[in-house]
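Engineer: please work out how this folds:
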Amino acid sequence: MEEKLTSNQKEAIEYIKTPLLIIAGAGSGKTKVLANKAAYLMNEKDYDPSEILLTTFTIKASEEIRKRVESLSKKDLSAMFIGTVHSLCERIIKEKGSKEVYTGFEVLDDFKRYLFIKRNLNNLGINIRDLKNLKRVREDNEIISLLQDFFDNITENLIDPNKLKKNILDSTSAHVESIVLYNQEKDKEIEPEKIKEITSSLIDSYSKYQNLLDKNKYIDFAHLELFAYKIISKNPEILKQLHNQYKYVMVDEFQDINPLQWKIISLIASEGNISCVGDRNQSIYGFRGANPNIFNNFNKFYPNAKNIKLEENFRSRKEIVEISNHFLKNRGRTSLELKDTRKEHFDVYFMSSENETESANSILSLVKNLKDKKVIKRYGDVAVLFRGMKSSGKAFIKQLDNQFQDIPYSVFGGINFLENEDIRAMLFLLSYVYRLGENKDTNELTLFSKIEEISKTNLMKNQNMGEVV
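Structural biologist: Have a look, this model is predicted:
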């Protein structure tokens, strides 16, 4: 099946002479380009599907691209790798790693890891109360999130904890000064020496965390990448095998890649047979270790690289594109300027606010006013889109349940079942009752998506119950 392509899209698909950076603006058809490029390599350049490596950011994205490629090529794609970097690393470990070292490990997804850290908070050598005071948080759940980000940052940036600790303990440490200022703004005083003490124990907790993973034969996603990197960087023969296996590499959502992932991918694509697709302006995963500077430095890494811009937006109406360009220009992020392609017009209004609660009040007041003035016939004519349920949605729901109770509402795509704090607390208690940390039945804990499904698992069968202390 042939797809209509712009001249820039066609050039990005067919260019394979040198490393290629495709700067793809929002709605510019980057998924179409990736799928067509994979098909072009197979159909026109006679690449075998097994010789193509295509990494994506999510499993859902990889499934979508695979379906598109299947519609564009008659070749058997079962041997073609289309998946996340994590799944690539797991494959490398299983196929190339030492059986003595890697056999029997369980990969912890985000929720299993959350449970694991929560269960071992007291084994990390951290004074949780001090850390809460330092970071100005109240709940253990917030501390667990901070710990996860901290551990990942050390792993994904290949940071030496000892050197980090030495820098932090330096009397002129900018880190300590910034924390002092931050706490002063919160009307809290914490002495520099106390800050160093807490920070030092936090850094020490990383090695304790690693030891706990090893002891329980667990691997988190960041260590999955680290193990794979060690295998290919320390074994020239294995790296040569990967070079022979993958003749062309493509990377989706390149702006959201982390340093360790880039080391792995760039090693595999050492000959420069690589195309990366992304947009620096769409980088939103810095909190998970993504480093958009990798995107910015692509041309330094590959001096002979070609850049192709995809600037035509096929998704949004003219007014949305204009607002986006205006916003990015004011932020000094003008690597590309989107061009609108749709002919329909509609009015767009911009509202600013200081915080999420104020934003919710302003928008809900507007909605109520539209209904009162009969601009809309019913509240069901209005949809409110959030950046994320955790970050913005909670404030809206709180206001709808209080000040705006007369506005009926339905929530779609809310917080994931396993991200609900009440559910997490209940499952954490169950993990103690059923000794899940000892008998490796943690899979049971994360297989259900509705509360009524718990009764169908072994968690509710008496033979699994351990002694409750």
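
Engineer: flag the shaky bits of the stretch 151-300 of the chain, pLDDT-wise.
Structural biologist: Within the stretch 151-300 of the chain, the stretches with pLDDT under 70 are 171-190, 282-290.

Engineer: so where do the strands sit in it?
Structural biologist: Ranges of strands within the stretch 151-300 of the chain are 218-219, 248-251, 274-278, based on DSSP state E, counting those that start in this stretch.

Engineer: what about Lys37, how many residues nearby?
Structural biologist: Lys37 has 26 neighbouring residues, counting by other CB atoms under 10 Å. From N, CA and C alone the C-beta is placed, and that goes for glycine too.

Engineer: returning to that earlier point: highest mean neighbour count out of the strands of the stretch 151-300 of the chain?
Structural biologist: strand 274-278 (a mean of 26; mean count of other CB atoms under 10 Å).

Engineer: quick one: residues in contact with that one.
Structural biologist: Contact with strand 274-278 is made by 12, 15-16, 19-24, 30, 33-34, 37, 248-256, 265-266, 295, 298, 302, as judged by CB atoms under 8 Å, 6 or more residues apart in numbering.

Engineer: tell me which strands it pairs with, and in which orientation.
Structural biologist: strand 20-24 (parallel), strand 248-251 (parallel) (DSSP bridges).

Engineer: could those go into a markdown table alongside distance to Glu271?
Structural biologist: Below are the strands paired with strand 274-278 laid out as a markdown table (distance: least, CB to CB, whole Å):
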| stretch | distance to Glu271 |
| --- | --- |
| strand 20-24 | 13 |
| strand 248-251 | 9 |
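
Engineer: so how far is the helix ranked longest in the chain off the chain centroid?
Structural biologist: Secondary structure of the chain per DSSP state H: the longest helix is helix 192-216. Here helix 192-216 shows a centroid-to-chain-centroid distance of 24 Å under the convention CA atoms, centre = their mean, to the nearest Å.

Engineer: can you check stretch 87-97 too?
Structural biologist: For stretch 87-97, the distance to the chain centre is 20 Å (CA atoms, centre = their mean).

Engineer: do you have the strands of the stretch 301-450 of the chain handy? List them.
Structural biologist: 306-310, 312-313, 339-340.

Engineer: hmm, which of the contacts of strand 274-278 are the buried ones?
Structural biologist: 12, 16, 19-24, 30, 33-34, 37, 248-256, 265-266, 295, 298, 302 (16 or more other CB atoms under 10 Å).

Engineer: in three-state terms, label Asp46 for me.
Structural biologist: Secondary structure state of Asp46, per DSSP: H, G, I helix; E, B strand; the rest coil, is coil.

Engineer: tell me the phi and psi of it?
Structural biologist: phi 60, psi 30 (degrees, to the nearest 10).

Engineer: measure it to Leu20 for me?
Structural biologist: 19 Å (CB to CB, to the nearest Å).

Engineer: do you know which of the strands of the stretch 151-300 of the chain lies nearest Val107?
Structural biologist: strand 218-219 (5.3 Å; CB to CB).

Engineer: which strands and helices sit next to that closest one?
Structural biologist: Using 3 or more CB pairs under 8 Å, 6 or more residues apart in numbering; DSSP states H and E as the contact criterion, the elements in contact with strand 218-219 are strand 106-107.

Engineer: packing partners for the strand it packs on?
Structural biologist: strand 218-219.

Engineer: can you tell me the strand partners of the strand it packs on and which way each runs?
Structural biologist: Going by DSSP bridges, the partners of strand 218-219 are strand 106-107 (parallel).
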